[in-house]
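Asks: sequence plus predicted model, see below.
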Amino acid sequence: MNKKVVFRIGVLSAVFLSFLLASSVNVYAEPMSKNEYKKSISITDRMFESTKVGENAILAKSGTVNFSKSQIVKSGDDNSREDEYHYGTNAAVLSIDSSKIKIMNSTIMTNGKNSSAAVAYGDSTIDISSDTAITTKKEGSTAAKAVDGGTIILDGVEIETDVSEGAMIVDGGSIKIDNSKFETNTVISIHNSSAKSMDDEASIVSVNMTDIKNKKGDVFFVTNASARISLERTTLANDDKDGAILRIAASKWGKKNNNGGDVDFTTKYQPMEGVLRVDGLSVLRLNLLQRSSLYGAINPDNKAKRVDLMLDMKSRLILTEDSYVSTLLNEVRDNANIYANGHRLFVNGAEAKINIGKWEEWEYDFSTETTELMKPVVEEEPEDKTALYVMLGISSGAFLLSLLSVFVIIRINRSKKQRQAEKDAILRVKNNIMKKPWEKA
């Protein structure tokens, strides 16, 4: 064959192969914004708005950018989703390249499809605080999202989403929530994309002193990812009767048969009501600590790859369904703090001996830093104090009798002294009269 022909075929083959490789890799658009910041700056009382698809209302690329008393509005439907989902290119606020965005006393609202409110990408951070309100209206529009190692901090923030998650971690990152309020569908979702697996570095979630109302789905959902979740002094309400407090399960993300979840879930001073569900590819380590309580069930379907349960001395578990765990570590040796409530707990396939008696419901006081359990709601039988009253009566009578006796003795002694004194006085007067004038005193 002609060498030129062979060369041309080789070139065409290389071009065709390059095209195939390029088409198999997602190429994402460069983030863009009308308000782009590359150095540290503070801005107060401003309005930021973007209506263009693929454009951020605020984009920080370096330094620390502070916003206060500002309004941030984003609209525009991103129907492709991929760029926004993984990179936040259609978000209202985007932080990249080690930058930090701080937002205080402000509002953030999105009214576009696949338009998240705040996205921290890579080693960047978004810190939102001081009575800031976040609202998203359409699907695919998470209120706050950490992507590929990003950090989200929420303190004193009110979040409401119509059809989307409250917060999300994609491909690793961390979210810290304090003193905030959520009314969302699935409060926090954690997953890795198909390029990663549950064996990658764990995502970190911390929720403290927060009011949560979950409208639909699960409160926490983890798939194809490892996560460490801590929950403390937080009120939980789930309007979805089929939703779980925590669901760890495989989904569309990741490699089949290796895309479950691996979760450490630790609670302190935390009451919970609901179910924790774990599928056959997933692992849960549940630690109920410092007066935490779960009124519900753990792995009731008995499908989990592994579930380790730990309770400290002052925490309790009240079953609403039969529950299945692989190991049980309980500081209360006789499991008196685990109430059957008509159900059973199985540990590594064997039924465990637990408290089959009546359990008491407790109220929590979140108003103090120490947060102690209050008295039981269940009324107790009043004590029979008759014997105590009789004893007190006898003691009181004896005391009064003793006091009267002392008084009488004092009066008798006093009368004797008075009579003797009177006799002595009369005698002195009589003797004085009988004395001669010069002898008288």
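Replies: That came through, no problem. Numbering: from 1, shown residues only.

Asks: low pLDDT regions in the stretch 251-400 of the chain?
Replies: 358-400 (pLDDT under 70).

Asks: what are the ranges of the helices in it?
Replies: 386-434 (DSSP state H, counting those that start in this stretch).

Asks: which parts of it are strands?
Replies: Taking DSSP state E, counting those that start in this stretch, the strands of the stretch 251-400 of the chain run over residues 261-268, 271-278, 283-289, 293-298, 306-311, 316-319, 323-325, 327-330, 338-339, 345-347, 350-351.

Asks: got the CA coordinates for stretch 87-103 in CSV?
Replies: The C-alpha coordinates for stretch 87-103 follow below in CSV (Å, rounded to 0.1, in the frame of the first residue of the first chain):
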residue,chain,number,x,y,z
TYR,A,87,-19.5,23.4,38.9
GLY,A,88,-22.3,25.8,40.0
THR,A,89,-22.2,27.7,36.8
ASN,A,90,-25.9,28.7,37.0
ALA,A,91,-25.9,29.4,40.8
ALA,A,92,-26.7,32.7,42.4
VAL,A,93,-23.4,32.7,44.3
LEU,A,94,-20.3,30.8,43.4
SER,A,95,-16.9,30.6,45.2
ILE,A,96,-13.9,29.0,43.4
ASP,A,97,-10.1,29.0,43.5
SER,A,98,-9.5,29.2,47.3
SER,A,99,-11.7,32.3,47.6
LYS,A,100,-14.1,32.9,50.6
ILE,A,101,-17.5,34.6,50.4
LYS,A,102,-19.1,35.9,53.6
ILE,A,103,-22.8,37.0,53.4
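
Asks: ok, back up a step: distance to Ile248 and mean neighbour count added to the strands of the stretch 251-400 of the chain, as CSV?
Replies: To be clear about C-beta, it is placed using only N, CA and C from the backbone, and glycine gets the same treatment. Formatted as CSV, the strands of the stretch 251-400 of the chain follow (distance: least, C-beta to C-beta, whole Å; neighbours: other C-beta atoms under 10 Å):
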stretch, distance to Ile248, mean neighbour count
strand 261-268, 4, 22
strand 271-278, 5, 22
strand 283-289, 6, 21
strand 293-298, 12, 22
strand 306-311, 10, 20
strand 316-319, 18, 23
strand 323-325, 14, 23
strand 327-330, 17, 15
strand 338-339, 22, 24
strand 345-347, 19, 19
strand 350-351, 24, 9
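
Asks: any chance of TSV for these, columns distance to Gln71?
Replies: Converted to TSV, the strands of the stretch 251-400 of the chain look like this (distance: least, C-beta to C-beta, whole Å):
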stretch	distance to Gln71
strand 261-268	37
strand 271-278	37
strand 283-289	41
strand 293-298	41
strand 306-311	46
strand 316-319	46
strand 323-325	48
strand 327-330	51
strand 338-339	51
strand 345-347	52
strand 350-351	59
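
Asks: and Asn214, which of those is closest to it?
Replies: For Asn214, the closest of the strands of the stretch 251-400 of the chain is strand 271-278, at 9.6 Å, according to C-beta to C-beta.

Asks: what's around Ile43, how many residues?
Replies: By other C-beta atoms under 10 Å, 15 other residues sit near Ile43.

Asks: equivalent analysis for the one 5 residues further on, please.
Replies: For Phe48, the neighbour count with other C-beta under 10 Å is 21.

Asks: that one contacts Val73, doesn't it?
Replies: Yes - contact status for Phe48 versus Val73: in contact at 7.1 Å, counting by C-beta atoms under 8 Å.
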